[in-house]
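A.B. asks: Kindly return the folded structure for what I paste below:
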Amino acid sequence: MKNLPRKVKIAIMGAGAIGSVIGGMLGRKGHKVTLIGRKPHIDTIRKNGLHISGIWGDFTVHTLNAVTEPPHEYQDIIFLTVKSFDTVKAAKETMPMVGTNTVVVSIQNGLGNIETLVEIFGKEKIIGGMAIFGAILHEPGNVKVTVIASETLVGELDSSLTSRIKDIADILDSAGIPAKTSDNIMRDIWHKVLYNIALNPLSAIFGVSYGEIADNSHTRWLIKQMISEAFQVAKVSDQSLGINTSDEYLEILWNQKLPPTRDHKSSMLQDILHGKKTEIDYINGAIIKLGAKHGVETPYNSAIASMVKAKESLGHR
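C.D. replies: Predicted structure coming up:
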């Protein structure tokens, strides 16, 4: 990708809560943004604009191109914000928007998305991303930004600090989404996975906020076991986490990462409440799969993943 123009053509593939916020914030700054999402949400945006509320302000964006199918028009940047289980399908549908200079930025939960996208598009097209801000799609056309734990990160897969990732970080940051470049995006994605392993499934199982999980000695003990397993799996997978021990990570979680998001309830819980499939297979499930591959037992992650799957199949009661 060449140096980006002042105003950029951007597509959001998977305009749910997070994708809509990113697209809306960028569209508000004059970029040509196409939101690709589900019909009720898209139809409302076409008619009334996208309303964004919460910690980043309260406003409506009327300049968005809202569609249910990707346009046959090359984009400068495609932000892929679909659920992990839809990555392959969404990537293939994205093809008509991918030109010579297009880059695809994965801002998704879980492990395995980057590797899948590299297989489909080639390594040079893919930029890794990590967002730890929370948003809720209250109703079609209305999203609320609820919390932020840290800046959104973008990084090259080879850890180089290129002009294109600096440009993308600047575009996001200037649109009101705190963002910066990463010199090791795969490590940072793993850090988010650790955060999600600890909090998302327990929030979904018990229907509580992150703060309530942190305040309960029993759930803290469960988190300690799951994170310990994840560190063992990362070690045998040759993934450097930049943190020596699971106990060291937990100190960071309790004292730095969790406090800004105490009142947040996980998107996994929202999926359960709305009868949707969760991303458990790409979060705790990814640890289970990697553990099995390398001969590391993961009983706690396995048990928690099974409970979430039970919630999915039984439905919200």
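A.B. asks: now for the lengthiest helix in the chain, which elements pack on it?
C.D. replies: Assignment by DSSP state H gives helix 185-206 as the longest helix of the chain. Helices and strands touching helix 185-206, by 3 or more Cβ pairs under 8 Å, 6 or more residues apart in numbering; DSSP states H and E, are strand 126-130, strand 152-155, helix 210-214, helix 217-236, helix 267-273, helix 284-294, helix 299-314. All C-beta atoms are positioned from the backbone trio N, CA, C, and that covers glycine.
A.B. asks: now for the third one, which elements pack on it?
C.D. replies: In terms of contacts (3+ Cβ pairs under 8 Å, 6+ apart), helix 210-214 is packed against helix 185-206, helix 217-236.
A.B. asks: what about stretch 266-275, average pLDDT?
C.D. replies: For stretch 266-275, mean pLDDT rounds to 91.
A.B. asks: Mind telling me what element the residue nearest to Ser53 when sequence neighbours are not counted is part of?
C.D. replies: Computed as Cβ to Cβ, 6 or more residues apart in numbering, the closest residue to Ser53 that is not its neighbour in sequence is Lys144, at 4.8 Å. Using DSSP states H and E, Lys144 sits within strand 142-148.
A.B. asks: Residues contacting that strand, please?
C.D. replies: The contact list for strand 142-148 (Cβ atoms under 8 Å, 6 or more residues apart in numbering) reads 17, 20-21, 24, 44, 50-56, 132-138, 178, 260-261, 263-264.
A.B. asks: Tell me which strands it pairs with, and in which orientation.
C.D. replies: Strand 142-148 has the following strand partners under DSSP bridges: strand 50-54 (parallel), strand 133-139 (antiparallel).
A.B. asks: Need the pLDDT of the residue nearest to the spatial centre of the chain.
C.D. replies: The centroid of the chain falls nearest to Gln108 when counting by Cα atoms, centre = their mean (3.2 Å). pLDDT for Gln108: 96.
A.B. asks: And for Glu115?
C.D. replies: You'll see Glu115 listed with a pLDDT of 95.
A.B. asks: what's the answer for the one 4 residues further on, then?
C.D. replies: Among the per-residue scores, Glu119 holds a pLDDT of 97.
A.B. asks: Over to His138?
C.D. replies: pLDDT at His138 comes out at 86.
A.B. asks: for Leu314, same thing?
C.D. replies: Note for Leu314: predicted pLDDT of 87.
A.B. asks: so how far is Val208 from it?
C.D. replies: Distance, Leu314 to Val208, by Cβ to Cβ, to the nearest Å: 18 Å.
A.B. asks: Of the two, which one has the most company?
C.D. replies: Val208 (17 against 9; other Cβ atoms under 10 Å).
A.B. asks: Give me the pLDDT value at that one.
C.D. replies: 96.
A.B. asks: try the one 5 residues further on
C.D. replies: The score at Ile213 is 97. That number is its pLDDT.
A.B. asks: tell me the contacts of it?
C.D. replies: Per Cβ under 8 Å, 6+ apart, neighbours of Ile213: Leu199, Leu202, Ser203, Phe206, Thr219, Arg220, Ile223.
A.B. asks: Before I go, just wanted to say thanks for your time.
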